[in-house]
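> Pasting the sequence and the predicted model now:
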Amino acid sequence: MSFQGLQKALFLNGWDMIFKTLLYTRNILTKNYIDIVQIIIAIIILILYFTIFLNFFKGKSKLSKKNSYQMFEMLSFGRQFFFLLFLIYVQSSQILQLGLLLMTSIFQIGFIFNYRCIFNKKNYIVQIVVEISVLTFILSSFLYIQEFNEYFNEEKKILLGWVQAIILSKGITIELIWICKDLLQKLIQNCRSQSQIVNNPIFP
């Protein structure tokens with residue numbers, strides 16, 4: 001496999017691999033040889049990702065509009081990395097963790113807006129709605145911190161959990177609406193084509 005092929009594989013499985021790698025490095029154990037091998041593999045994976053980032057930004061000046069998607073993909077992947085890093089490692093302070101997660105979400109919305117030219121209208125709307133939903137979810141999660149326990153009881157937290165679930169499902173809901181709309185349009189076109197064939201047969 002070429003380096004580009006390896007790069008694509010790493011990006012396709014990026015979220016899952018980085019999450020597992022960072023989660024493992026947070027609780028490193030060296031009780032046996034297997035643990036040592038796992039540590040070496042985790043380090044190699046992280047080095048590969050950093051190598052990809054460095055190689056990409058070294059050639060940033062050579063990028064054209066055609067490669068804007070690659071730039072967006074790289075920036076989005078960087079956001080994912082820091083999102084998971086803050087989620088796993090910054091757990092001593094809820095406010096700090098949520099603040100950092102909120103920052104990554106704002107950056108992602110900025111990336112989508114700046115590179116909106118690479119999306120069609122449908123994908124752009126879906127991307128924006130998903131990220132605004134995540135942003136709203138993070139903002140509402142501030143109500144779970146200990147400082148709000150006096151004013152926000154368990155019953156309200158359960159209700160907020162349902163509201164957050166609905167908010168996070170907005171992106172999927174809109175995507176399903178677009179899919180249903182496209183299918184309906186295709187169905188209407190097929191019906192019209194069938195009616196035209198019936199009304200105007202080739203042979204009398």
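All right, it came through fine. Numbering: from 1, shown residues only.
> And the helices in this structure, which stretches?
Secondary structure of the chain (DSSP state H): helices located at 3-12, 14-26, 33-58, 68-89, 94-114, 121-141, 154-168, 170-199.
> can I get these in a markdown table with mean pLDDT?
Below are the helices of the chain laid out as a markdown table (pLDDT from 0 to 100):
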| stretch | mean pLDDT |
| --- | --- |
| helix 3-12 | 59 |
| helix 14-26 | 73 |
| helix 33-58 | 72 |
| helix 68-89 | 84 |
| helix 94-114 | 92 |
| helix 121-141 | 87 |
| helix 154-168 | 82 |
| helix 170-199 | 77 |
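> Tell me which of those helices sits nearest to Glu147.
helix 94-114 (7.9 Å; Cβ to Cβ). Using the backbone N, CA and C atoms, a C-beta is placed for each residue, glycine as well.
> now the angle from the closest one to helix 121-141?
Between helix 94-114 and helix 121-141, the angle comes out at 170 degrees (axes from the mean of the first three to the mean of the last three Cα atoms, to 10 degrees).
> Give the buried residues for helix 94-114.
Within helix 94-114, the residues scored as buried using 16 or more other Cβ atoms under 10 Å are 97-98, 100-102, 104-105, 107-109, 111-112.
> Tell me the helices and strands packed up against that helix.
Contacts defined by 3 or more Cβ pairs under 8 Å, 6 or more residues apart in numbering; DSSP states H and E place helix 94-114 against helix 68-89, helix 121-141.
> which secondary structure elements does the shortest one contact?
Under the contact criterion of 3+ Cβ pairs under 8 Å, 6+ apart, the helices and strands touching helix 121-141 comprise helix 94-114, helix 154-168, helix 170-199.
> Could you dump those into JSON lines and include distance to Ser133?
JSON lines is the format used below for the helices and strands packed on helix 121-141 (distance: least, Cβ to Cβ, whole Å):
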{"stretch": "helix 94-114", "distance to Ser133": "10"}
{"stretch": "helix 154-168", "distance to Ser133": "5"}
{"stretch": "helix 170-199", "distance to Ser133": "5"}
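> And those helices: which comes nearest Leu46?
Checking those against Leu46 by Cβ to Cβ gives helix 94-114 as the closest, at 18.4 Å.
> any idea of the angle the closest one forms with helix 68-89?
Angle, helix 94-114 to helix 68-89, by the same axes, to 10 degrees: 170 degrees.
> Please write out the alpha-carbon positions of helix 94-114 in CSV.
Presented in CSV, the C-alpha positions along helix 94-114 are these (Å, rounded to 0.1, in the frame of the first residue of the first chain):
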residue,chain,number,x,y,z
GLN,A,94,-16.1,20.4,33.6
ILE,A,95,-16.2,24.1,32.7
LEU,A,96,-12.8,24.1,31.1
GLN,A,97,-13.6,20.9,29.2
LEU,A,98,-17.0,22.2,27.9
GLY,A,99,-15.3,25.5,27.0
LEU,A,100,-12.6,23.8,24.9
LEU,A,101,-15.2,21.6,23.2
LEU,A,102,-17.3,24.6,22.5
MET,A,103,-14.3,26.3,20.9
THR,A,104,-13.7,23.3,18.6
SER,A,105,-17.3,23.4,17.5
ILE,A,106,-17.1,27.1,16.7
PHE,A,107,-14.0,26.5,14.7
GLN,A,108,-15.7,23.8,12.7
ILE,A,109,-18.7,26.0,11.9
GLY,A,110,-16.1,28.6,10.7
PHE,A,111,-14.4,26.0,8.5
ILE,A,112,-17.7,25.0,6.9
PHE,A,113,-18.6,28.6,6.2
ASN,A,114,-15.1,29.4,4.8
